[in-house]
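Novice: I would like the atomic coordinates for the input below:
(one chain, ligands or ions: 1)
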Amino acid sequence: MKTWADLEKERFDAIKKRDWCSAKMIALEQAVFLEKEKKSSFILRKEAAKYEIYENKEACESLNHKLRILACPDSCGACKNQEGYSYSIEEALEKMPIPRKKCDHKIGFCRCCWIIDL
Ligand SMILES: [Zn+2]
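Specialist: Modelled structure (predicted):
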């Protein structure tokens, strides 16, 4: 099994290569790692959301599209309320509306994600 140090190294290597998709997946794996240890995973989930913005940056800018928040079918009310709001790449990075810090879903964290607003 991978250690925390392995995951940290993999994530930083992915960042160096600007491989945002891999960086996101590794950050989410690290979030699960923390949850298993009953620690808060919010910072890692926030990192994952940031990489997701970077991942979509080029496509958004070349197509002149914004990013839109997508909630899950069983998201909590607060997460569902933010669904559909659009942000430019700059606004998304500045405001970081997802993951929501206060999410009432029973799994304990917000699973909203970014999609390109076509
Ligand atoms: Zn929620």
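Novice: identify the residues contacting the biggest helix by length in the chain?
Specialist: In the chain, taking DSSP state H as the definition, the longest helix is helix 42-63. Outside helix 42-63, the residues that touch it by CB atoms under 8 Å, 6 or more residues apart in numbering are 15, 18, 20-21, 23-24, 27-28, 30-31, 34, 65-67, 88-89, 92-93, 96, 98-99, 101, 109-110, 113-114, 116. Any C-beta I mention is one placed from the backbone N, CA and C, and that applies to glycine too.
Novice: mind checking which of those residues are in strands?
Specialist: When DSSP state E defines the strands, the subset of the contacts of helix 42-63 inside them is 66-67, 113-114, 116.
Novice: most neighbours out of the residues you listed, which is it?
Specialist: Using other CB atoms under 10 Å as the neighbour definition, the ones in strands among the contacts of helix 42-63 reach their maximum at Leu67, which records 25 neighbours.
Novice: which positions in the chain make contact with the ion?
Specialist: In this structure, the chain approaches the ion at residues 75-76, 79, 103, 105, 110, judged by CB under 5 Å from the ion.
Novice: burial measure for Glu47, as a count.
Specialist: When neighbours are defined as other CB under 10 Å, Glu47 has 19 of them.
Novice: what's the distance between it and Ala23?
Specialist: Per CB to CB, to the nearest Å, Glu47 is found 8 Å from Ala23.
Novice: got it, and Lys106?
Specialist: When Lys106 is compared with Ala23 (using CB to CB), they lie 28 Å apart.
Novice: Lys57 now?
Specialist: 13 Å.
Novice: of the two, which one has the most company?
Specialist: Set side by side, Lys57 and Ala23 give different neighbour counts by other CB under 10 Å, the larger being at Ala23 (25 against 16).
Novice: gap between that one and Tyr87?
Specialist: Using CB to CB, one obtains 20 Å as the distance from Ala23 to Tyr87.
Novice: since that was my last question, I'll sign off now.
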